[in-house]
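J.: model the structure of this input:
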Amino acid sequence: MAIVHNPESDYSRENERWNTTKQHGGFNANGFEEYPLMVFKAFERDNGKVMCGDPLATVGDAEGEAFSRSCQLVVRNDEERDKAVKAGWSFGPDTAIEKYEHDMRSIAEITAQRHFAEQGSSDLAKAEAKQADDATHRQVPEVPEKRKRGRPRKTGV
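T.: Alright, predicted model coming up:
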């Protein structure tokens, strides 16, 4: 049996506003609206696992919620979306994890090429490279250049 509401009641008027599209003064969507759009980025956790979001965030874990928020970004137009994509953000959590793993493989390949190329280097260069490698457990694709202290010399004029 159907429920009939008085069309003049507050309930019926409010219900009608929610069933009317925004372009006609209501609250309902006009159709598909691309923005706001959420983009995702994967990060490595302290335990070494690569994640995009944390399942513990659903049960109220504050640390998990903070990590999940850091993996998400809301963009509001095409310009923000393009900036986010250039900065490494992806359109889905799965693609964000795949992108992170692809980037790590690329860094490992570049590091291997550096190790091969430094076989013919001087002992001093090898020692600097070894020191840079020993300073971290991550891949070091490029040995940081040691800068001389002080002001650079003036040339010419």
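J.: pretty sure Thr20 is in contact with Glu14, am I right?
T.: No. At 10.9 Å, Thr20 and Glu14 do not qualify as touching, with contact defined as Cβ atoms under 8 Å. Placement of C-beta: from N, CA and C, glycine included.
J.: got the contact list for the residue nearest to the spatial centre of the chain?
T.: Centroid-nearest residue in the chain: Lys41, 2.7 Å away (criterion: Cα atoms, centre = their mean). The neighbours of Lys41, taking Cβ atoms under 8 Å, 6 or more residues apart in numbering as the test, are 52, 71, 73, 88-90, 96, 100.
J.: tell me the pLDDT of it.
T.: As predicted, Lys41 sits at a pLDDT of 97.
J.: now it: phi and psi?
T.: When read as degrees, to the nearest 10, the backbone of Lys41 gives phi -140, psi 130.
J.: what sits closest to it if chain neighbours are left out?
T.: Using Cβ to Cβ, 6 or more residues apart in numbering and skipping residues adjacent in sequence, the residue nearest Lys41 is Trp89, 5.0 Å away.
J.: mind checking how far the one you found is from Pro7?
T.: According to Cβ to Cβ, to the nearest Å, Trp89 and Pro7 sit 48 Å apart.
J.: state the number of residues packed around the nearest residue to Pro93 once chain neighbours are set aside.
T.: Leaving aside its chain neighbours, Pro93 sits nearest to Cys52 (4.1 Å; criterion: Cβ to Cβ, 6+ apart). Neighbour count for Cys52, taken as other Cβ atoms under 10 Å: 22.
J.: Cys52 contacts Phe40, doesn't it?
T.: Yes. When contacts are counted by Cβ under 8 Å, Cys52 is listed as touching Phe40 (5.2 Å).
J.: who touches both of those two?
T.: 71, 93, 96.
J.: test my guess that Ser12 contacts Asn6.
T.: Yes. Under the criterion of Cβ under 8 Å, Ser12 makes contact with Asn6 at 6.3 Å.
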